[in-house]
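**Q** got a sequence here, can you build the structure:
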Amino acid sequence: QGMAAFTVWFRAVTYRGREGQIAWMLHRLTGLGVFVFLALHIVDIFLMAFGPDLFNALLFFYHPVLFKLSIVFGLYPGVLYHGLNGIRVLAMDFWPSLGKKQAMLWRVQMIVFALAYIPSAIIMIRSMFGSH
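**A** Now for the predicted structure:
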């Protein structure tokens, strides 16, 4: 049983697909990450029903440096990638001939991602740590 699970895992991470497979995997992972964040956020807000003391007692999760960095290096790039990839998939749905150019479209998407993410992440990190 353990060997079968390893075989499935190994095939998943060593799949010989190219840009399309990478885009698919990243889209699923970023979607899952955003879902987990939203679920935790909903639970967090739900705690308000039990009074402000419980809610305020758990606010310490939001102040450490690691949480702030997880937003910059986790949530934000996840949402950005997921959105850009969704636009790419939507374009291929509306114009099926673009499917033949999937690799090129994904590379363009990644360039747009880098051009949007890098400067804005620098701005966020500077504002978080006070160096403007």
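**Q** just the terminal-to-terminal distance for stretch 9-28.
**A** End-to-end span of stretch 9-28 (CA to CA, to the nearest Å): 16 Å.
**Q** may I see the buried residues of that stretch?
**A** The neighbour-count check on stretch 9-28 (16 or more other CB atoms under 10 Å) flags 23, 26, 27 as buried. Yep, even glycine has a C-beta here, placed from its N, CA and C like the rest.
**Q** residue 105 sits in which helix or strand?
**A** In this structure, residue 105 is located in helix 102-128 according to DSSP states H and E.
**Q** counting by contacts, list what that helix packs against.
**A** Where contact means 3 or more CB pairs under 8 Å, 6 or more residues apart in numbering; DSSP states H and E, helix 102-128 is packed against helix 19-46, helix 76-94.
**Q** worst average pLDDT in those helices?
**A** Per-stretch mean pLDDT for the helices and strands packed on helix 102-128 is lowest at helix 19-46 (a mean of 90).
**Q** could I get the average pLDDT for the next helix-or-strand element following that one?
**A** Where DSSP H and E defines the elements, the next helix or strand beyond helix 19-46 is helix 52-57. Taken as a whole, helix 52-57 has an average pLDDT of 82.
**Q** helix or strand next in line after helix 52-57, which one?
**A** Following helix 52-57 in sequence order, the next helix or strand is helix 65-70 (DSSP H and E).
**Q** and that next one, how far out from the chain's middle?
**A** 15 Å (CA atoms, centre = their mean, to the nearest Å).
**Q** other residues contacting that helix?
**A** 61, 125, 128 (CB atoms under 8 Å, 6 or more residues apart in numbering).
**Q** would you turn these into TSV with pLDDT?
**A** Below are the contacts of helix 65-70 laid out as TSV (pLDDT from 0 to 100):
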residue	pLDDT
61	73
125	90
128	84
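**Q** closest to residue 110 out of those?
**A** Comparing the contacts of helix 65-70 against residue 110 with CB to CB places residue 125 closest, at 21.1 Å.
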